[in-house]
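In: I'd like to go over a predicted model; first the sequence, then the structure.
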Amino acid sequence: DSASLALILERSEDGRDVYGRPDADYGVIDEQGKVLIEPAYDDITVFPDHFSVSKRRTPVFFFNSRGHELFINRTRLRPFSEGLAHFYDENKLWGYVDSTGKVAIPPQFLKARPFAEGLAAVADTSGYCAFINKRGEMAFRTSLPAAGWPFLGNFRGGRCWFKGEGNRWGCYDRTGQVVISPAFFFEHEELNRLQAYTRDSILQTLFFLPMDFSHGVAAVRAPGGTPEPAVIDTNGQRIPLAGAYQDIQPFDASGLAVVTARETGLRGLINAEGRELMAPAYREIAPFVNGYAQVQAENGRWGLFDKEGKQAAPFQYVEIDTVSEGMAAVRLNSRQAWSFIDTAGELRIRGPFDRTQPFYNGYTLVNNNGENQVINRKGELVFMKNDTVLFYSEGIFGMKEALPPVLAETEKPNAKSPPPKFYYADASGNNLFGRYFSYISPFEAGIAAVQPLSPDEEGQQRFGAINKRGVMVVPPKYGFVKRQADGNIGTNPQRFFGLADTSGNILIEADYDRIEPFGEFNLYRVERGEKIGYLMKQGNRMIWAWPLQN
């Protein structure tokens with residue numbers, strides 16, 4: 001029986017793992033010194049009749065926003081794009097999986113990127129960059145070797161930029177034909193920034209280039225004695241411009257670009273036809289958000305303009321926040337607190353507020369003298385009981401419950417206060433989900449990380465995730481949960497458990513994030529992600545009494 005066994009361990013040379021903990025491999029010997037379980041596990045726990053063995057691993061569990069487990073990926077999975085995500089296998093070759101975790105394109109590429117417009121850039125084993133479709137078929141192979149990977153774009157508007165001779169860039173179409181011969185440039189500092197950026201994170205992005213096409217046009221630098229800014233169409237033909245510019249910024253999703261005048265250095269705005277919507281007369285023009293952009297005049301004051309180039313708010317503010325629901329927070333001078341104006345420039349909520357955030361669903365969170373307060377679009381204070389408002393995100397308030405008043409005569413010296421309780425509330429202060437947590441986070445894309453009030457059986461406060469209906473979509477048993485860029489949720493249990501008998505036979509491989517005895521019938525409850533199953537010992541092996549399922 002297990003009482004007659006001893007645990008042994010084998011330390012690595014450096015003595016520490018990547019987390020700074022003692023790096024040891026545990027095994028089991030019997031009283032005669034015979035090795036029953038090779039020292040290959042990070043921990044071994046003695047159950048009444050078995051051993052629980054565990055290993056630290058790096059797979060990530062992926063859940064969708066409804067909490068359904070998509071799959072478990074044991075490799076470096078990248079964010080999904082157009083329904084596929086690229087990953088690499090143990091041979092360091094890249095392939096693609098679909099949203100169910102099924103391998104859609106087997107690993108076979110030296111490099112890979114996310115899909116864009118139905119095509120993905122890869123470096124194949126021939127040593128050249130190429131593009132594949134979603135069936136994994138070769139759309140076309142480029143003339144760029146794999147080392148030229150940073151000098152190949154992704155498809156935008158049916159065109160993909162590539163670098164030719166002499167730092168000149170041209171474009172492929174979707175069939176691989178060179179439809180724009182290498183003749184255009186872009187800023188050296190942009191290229192240097194791009195090259196530095198690609199060293200670490202190019203495979204995690206859609207690889208935007210500053211001259212990518214939007215609304216059928218692109219901002220480039222045309223050849224000449226000194227390369228000058230120009231706008232071209234998808235055939236490489238130049239679009240006539242209204243003025244002489246020293247710089248044209250990339251066109252945004254609305255087909256607008258900020259330009260800088262050659263003579264004055266001031267900025268204006270043009271559309272995809274090259275027409276000036278705002279003459280170059282301003283210091284700065286911020287990106288458009290919700291149809292409006294903050295614009296700074298020559299005197300340093302800020303105002304608002306719409307996408308047609310019409311002024312919406314006068315140049316009289318030292319700072320303007322993002323427009324949301326027709327309102328924007330403003331400050332008249334550096335010492336004054338914030339107020340709110342509408343998009344006609346009219347003062348709507350006088351304030352003063354130390355901090356603000358954009359309106360959402362008719363409410364916003366402001367800070368006044370260090371206290372968070374909720375106001376509506378009329379500027380009226382919304383009563384939220386006596387509890388503390390922590391944050392406001394996606395229409396839901398994060399609250400900290402106030403401690404109940406304690407009479408001074410009943411207070412005990414050195415008595416510890418109960419731990420704080422947190423909850424989510426609506427604009428009336430009602431507990432939306434009818435329960436409390438020991439930790440809450442703001443919602444992001446409909447998901448928030450939380451910790452239940454009660455610790456787990458190991459005494460640990462674990463993280464789970466809830467949606468905006470209060471449903472626990474990821475079980476609260478992880479060290480972290482993180483919303484992915486594709487809207488899914490990822491988490492890494494960091495340790496996986498299995499089961500061995502007292503003779504050293506591995507009954508259950510260390511593939512589960514939780515395993516525990518269940519009842520008195522040689523049953524073991526196992527969990528992997530949101531799935532739960534029950535295994536029963538039959539002779540010298542385990543059989544499923546209840547297969548893993550949701």
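Out: Looks like it came in fine.
In: quick check: chain neighbours aside, which residue is closest to residue 334?
Out: residue 318 (5.4 Å; Cβ to Cβ, 6 or more residues apart in numbering). Placement of C-beta: from N, CA and C, glycine included.
In: thought the one you found was touching residue 333?
Out: Yes - with contacts counted by Cβ atoms under 8 Å, residue 318 reaches residue 333, the gap being 5.7 Å.
In: what residues does the helix or strand that contains residue 179 touch?
Out: Using DSSP states H and E, the element containing residue 179 is strand 178-184. With contacts defined as Cβ atoms under 8 Å, 6 or more residues apart in numbering, strand 178-184 is touched by 159, 162-166, 168-173, 211, 220-223, 230, 232, 234-236.
In: tell me the phi and psi of the residue nearest to residue 334?
Out: Main-chain dihedrals, residue 318, degrees, to the nearest 10: phi -80, psi -20.
In: need the contact list for it.
Out: 300-302, 331-334.
In: and the closest residue to residue 529 other than its chain neighbours, what are its phi and psi?
Out: Counting by Cβ to Cβ, 6+ apart, residue 529 lies nearest to residue 69, which is 4.2 Å off, once chain neighbours are set aside. Dihedral angles phi and psi of residue 69 (degrees, to the nearest 10) take the values phi -70, psi 120.
In: assign residue 304 to helix, strand or coil.
Out: Counting by DSSP: H, G, I helix; E, B strand; the rest coil, the backbone at residue 304 sits in strand.
In: how near is it to residue 289?
Out: Noted for residue 304: a distance of 11 Å to residue 289, by Cβ to Cβ, to the nearest Å.
In: how about residue 515?
Out: 49 Å.
In: and if you look at residue 308?
Out: Applying Cβ to Cβ to residue 308 and residue 289 gives a distance of 16 Å.
In: quick one: which of those two has more around it?
Out: Neighbour count, other Cβ atoms under 10 Å: between residue 308 and residue 289, residue 289 has more, with 14 against 11.
In: hang on, that one packs against residue 323?
Out: Yes - here residue 289 reaches residue 323: they are 6.5 Å apart, a contact under Cβ under 8 Å.
In: for the stretch 101-250 of the chain, what spans make up the strands?
Out: Shown for the stretch 101-250 of the chain, the strands assigned by DSSP state E, counting those that start in this stretch span residues 103-109, 111-112, 120-123, 128-132, 138-145, 160-163, 169-172, 178-184, 217-222, 228-233, 245-248.
In: which of those strands is buried the deepest?
Out: Using mean count of other Cβ atoms under 10 Å, the stretch among the strands of the stretch 101-250 of the chain with the greatest mean number of neighbours is strand 120-123 (a mean of 26).
In: who's in contact with that strand?
Out: Residues from elsewhere that reach strand 120-123 (Cβ under 8 Å, 6+ apart): 84, 86, 94, 96, 109-114, 129-132, 146, 149, 152, 154, 160, 207.
In: list the contacts for the closest residue to residue 148 other than its chain neighbours?
Out: Distances taken as Cβ to Cβ, 6+ apart put residue 129 closest to residue 148, at 6.3 Å, once the chain neighbours are dropped. Counting by Cβ under 8 Å, 6+ apart, residue 129 touches 111, 121-123, 141-142, 144-146, 148-149, 152.
In: now the residues you listed as CSV including pLDDT and distance to residue 462?
Out: Below are the contacts of residue 129 laid out as CSV (pLDDT from 0 to 100; distance: Cβ to Cβ, whole Å):
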residue, pLDDT, distance to residue 462
111, 92, 37
121, 95, 39
122, 96, 39
123, 94, 40
141, 95, 48
142, 95, 48
144, 93, 47
145, 93, 48
146, 92, 43
148, 88, 46
149, 88, 40
152, 92, 43
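In: any stretches of the chain with poor pLDDT?
Out: Low-confidence segments of the chain (pLDDT under 70): 1-24, 58, 73-76, 187-206, 225, 404-417, 456-459, 485-487, 520-521, 550.
In: quick one: distance of stretch 384-404 to the chain centre.
Out: Relative to its chain's centre, stretch 384-404 lies at 26 Å (Cα atoms, centre = their mean, to the nearest Å).
In: count the neighbours of residue 482 for me.
Out: Residue 482 has 16 nearby residues by other Cβ under 10 Å.
In: quick one: residue 102 from residue 542, how far?
Out: 27 Å.
In: which one of the two is surrounded by more residues?
Out: residue 542 (18 against 8).
In: thought the more buried one was touching residue 522?
Out: No - Residue 542 is beyond contact range of residue 522, at 9.2 Å (criterion: Cβ under 8 Å).
In: and the residue lying closest to residue 396 once chain neighbours are set aside, which helix or strand is it part of?
Out: The shortest distance from residue 396 to any non-neighbouring residue, by Cβ to Cβ, 6+ apart, is to residue 424 (5.2 Å). Using DSSP H and E, residue 424 falls within strand 422-425.
In: outside of that strand, which residues touch it?
Out: 384, 387, 390, 396-401, 431-433, 435-440, 448, 470.
In: next one: stretch 111-125 to chain centre, how far?
Out: 21 Å.
In: and stretch 250-266, by the same measure?
Out: 30 Å.
In: how far does it stretch from start to finish?
Out: 17 Å (Cα to Cα, to the nearest Å).
In: how much space between residue 393 and residue 131?
Out: To residue 131, residue 393 is 39 Å away according to Cβ to Cβ.
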